[in-house]
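A.B. asks: here's a sequence, model it:
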Amino acid sequence: MMSKPLSSENLPVNQYFEPAPRRNITKINQIQSHEQIQLNESNLKAQLAERVEARVWRVKFADEDIDDKTLKMLVETMKASKRMLKLKIDCREKEGITDAGLGLIGENLKQMSCLRSVSFDFLSYHSRNGITDESPESMIRGLKKLGALQDLHLDFAWCREITDQSLKKISQGLKRLPFLRAINLNFLMCERVTDKGLKSITKSLERLSRLRSVSLNFGSCKITNEGLRKMNESLKRCALLNEISLNFNSCDEITDDGLKNISETLKTFTSLHSISLLFFQCNNQVTDESLKIISEGFQGIASLRSISLNFRMCDYITGESLKNIGETLKKLVSLQAINLNFGYCKHVTDESLKSVGKSLRNLISLETLSLAFEGCTKITNQGLRYLSERFETLISLQTLNLDFDGCSQISDEGLEYIGESLESLNSLRTISLKFPRFDFVTSHAKEMLRQNLKKAIPGLQNLIL
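C.D. replies: Model (predicted):
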């Protein structure tokens, strides 16, 4: 496995280049599988030139002072590579990078026809003014020349100067990439993006006959029910999809009617392996009706291996939603991963956990279970008892994450219910449990649980309390 990337806190130089593991490199002898080459301004070009024959490049800039000049040095070396199959450049939080630097990358992509996978990350949590509509346009001019490209990841999260015009240009480029199998686009907090931009992107997907995986993040964009309707019309035409991930959190104008369209789309896919839907904090316009409709949407997809639903802070979600979800989950016996987040849904109760618990009975193939109910103050120790009574059937479970932080009616008693139920699950390797602090769940109870679990589960590798 690849060694963990160095962080900016312990890296003494400006950048590092991280080669891929050997299993992803063909006939390359000069790069060690776990090697990390540290770079600075003076040796960046020389170090990259030594690795010009590498098939896989993963470049991460760890210093805040990186600018367009650094990117220019990088792309000049990239031009000499004739064997590169995969390129990943991580420029997160680099305020010195502007449209000019990204334009250099886009221009040089035209000469890298061997590329099969491209990933660019320009996320910035600050107000970045250097990245505008010019950046995606220049990148696409290069990308559309990569006729053999199979995997594309573009992350422009928090680049607030990005508008629908950028998405139109990206969509025009996508139509020129007939071999794309996976696409991941992130426009989180691009507040000038609207339904028009979403329509441009999803309309272009209809032309990609080999597409298997779609991930779209339009959180906090100006998306409405009409945008979702147009999106779903296009997704229905992507007949071979087996992975769908949609993030529309904090899109205040989305209501139950918008999610109804998504449910209708899900019903058209019979070979989906993975579904992820994030609609948390949707301004109280998403209710139990949405979850009922969505549950019906994936009820008949027997091929599902992974489900992730995040409706955190949706105040009109109640236990009825968890009941509907539970009824669906227990029929999907091939599930290997479940992730449910209903944190701060104030109407969720003990009966809600009982519904979730019942759904676990037949899921003997489940390997990962993540349940987040933080801030659900109506949940008590009895709710944890209901839930934990079903854990014993999860004979394949390897990872368990439970979050009940802020549930003020949970005490040491609830912690004991969970602990006792886990002691028989010898398959567990990772456990993460979050419970109320201070006067509700004591440090003594947590320490006793820690000792008991380590003793009962010899193979346990990670325990977080």
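
A.B. asks: what is the burial count for the residue nearest to residue 416 when sequence neighbours are not counted?
C.D. replies: Distances taken as CB to CB, 6 or more residues apart in numbering place residue 445 nearest to residue 416, at 7.2 Å, with adjacent residues excluded. For the C-beta atoms, the positions are set from N, CA and C on the backbone; glycine is no exception. Using other CB atoms under 10 Å, residue 445 has 19 other residues around it.

A.B. asks: mind listing residues that contact whatever helix or strand residue 445 lives in?
C.D. replies: Applying DSSP states H and E as the criterion places residue 445 in helix 443-456. With contact meaning CB atoms under 8 Å, 6 or more residues apart in numbering, helix 443-456 is reached by 412, 415-416, 418-419, 422-424, 431, 433, 435, 460, 463, 465.

A.B. asks: again, only this time at 7 Å
C.D. replies: Residues from elsewhere that reach helix 443-456, judged by CB atoms under 7 Å, 6 or more residues apart in numbering: 412, 415, 419, 422-423, 431, 460, 463, 465.

A.B. asks: stretch 389-402 now?
C.D. replies: By CB under 7 Å, 6+ apart, stretch 389-402 touches 357-358, 360-361, 363-371, 418, 421-422, 424-425, 427-434.

A.B. asks: switch the cut-off to 8 Å
C.D. replies: 336, 357-358, 360-372, 418, 421-422, 424-425, 427-434.

A.B. asks: which members of the residues you listed are classed as buried?
C.D. replies: By neighbour count, with 16 or more other CB atoms under 10 Å, the contacts of stretch 389-402 hold 336, 357-358, 360, 363, 365-372, 418, 421-422, 425, 428, 431, 433-434 as buried.

A.B. asks: separation between the residue nearest to residue 416 and residue 144?
C.D. replies: 59 Å (CB to CB, to the nearest Å).

A.B. asks: what does residue 213 give?
C.D. replies: Noted for residue 213: a distance of 20 Å to residue 144, by CB to CB.

A.B. asks: same check, this time on residue 133
C.D. replies: On the measure of CB to CB, residue 133 and residue 144 end up 17 Å apart.

A.B. asks: about what we covered before: out of the buried ones among the contacts of stretch 389-402, which sit inside strands?
C.D. replies: Among the buried ones among the contacts of stretch 389-402, the members falling in strands (DSSP state E) are 368-372, 431, 433-434.

A.B. asks: as TSV, those residues with distance to residue 203 and pLDDT would be great.
C.D. replies: Output for those, formatted as TSV (distance: CB to CB, whole Å; pLDDT from 0 to 100):
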residue	distance to residue 203	pLDDT
368	34	98
369	37	98
370	34	98
371	37	98
372	35	98
431	45	97
433	45	96
434	42	95
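
A.B. asks: ok, so of these, who is nearest residue 408?
C.D. replies: Checking those against residue 408 by CB to CB gives residue 434 as the nearest, at 13.7 Å.

A.B. asks: circling back: the helix holding residue 445: what's the following helix or strand?
C.D. replies: By DSSP H and E, the next helix or strand past helix 443-456 is strand 462-464.

A.B. asks: paired strands for that following strand, with orientation please.
C.D. replies: Within its sheet, and counting by DSSP bridges, strand 462-464 is paired with strand 430-434 (parallel).

A.B. asks: now do the strand it pairs with and strand 368-372, the angle between them.
C.D. replies: Angle, strand 430-434 to strand 368-372, by axes from the mean of the first three to the mean of the last three CA atoms, to 10 degrees: 10 degrees.

A.B. asks: let me know the angle separating strand 430-434 from helix 443-456.
C.D. replies: 170 degrees.

A.B. asks: offset the numbering so it begins at 658, please.
C.D. replies: From this message on, residue numbering opens at 658, which makes the last subject strand 1087-1091.

A.B. asks: dump strand 1087-1091 to PDB, keeping only the CA atoms.
C.D. replies: This file holds the C-alpha atoms of strand 1087-1091, laid out as PDB (Å, rounded to 0.1, in the frame of the first residue of the first chain):
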ATOM      1  CA  THR A1087     -11.900  -1.100  13.000                       C
ATOM      2  CA  ILE A1088     -14.300   0.400  15.500                       C
ATOM      3  CA  SER A1089     -15.100   4.100  15.900                       C
ATOM      4  CA  LEU A1090     -17.700   5.100  18.600                       C
ATOM      5  CA  LYS A1091     -18.700   8.600  19.400                       C
END
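
A.B. asks: give me the residues contacting it.
C.D. replies: Contacts of strand 1087-1091 with the rest of the structure, by CB under 8 Å, 6+ apart, involve 1031, 1055-1062, 1072, 1075, 1079, 1106, 1110, 1117-1122.

A.B. asks: only the buried members of those residues: can you turn that into a ChimeraX selection?
C.D. replies: Paste this into ChimeraX to select the buried members of the contacts of strand 1087-1091, with burial taken from 16+ other CB under 10 Å:
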select :1031,1055,1056,1057,1058,1059,1060,1061,1062,1072,1075,1079,1106,1110,1117,1120,1122
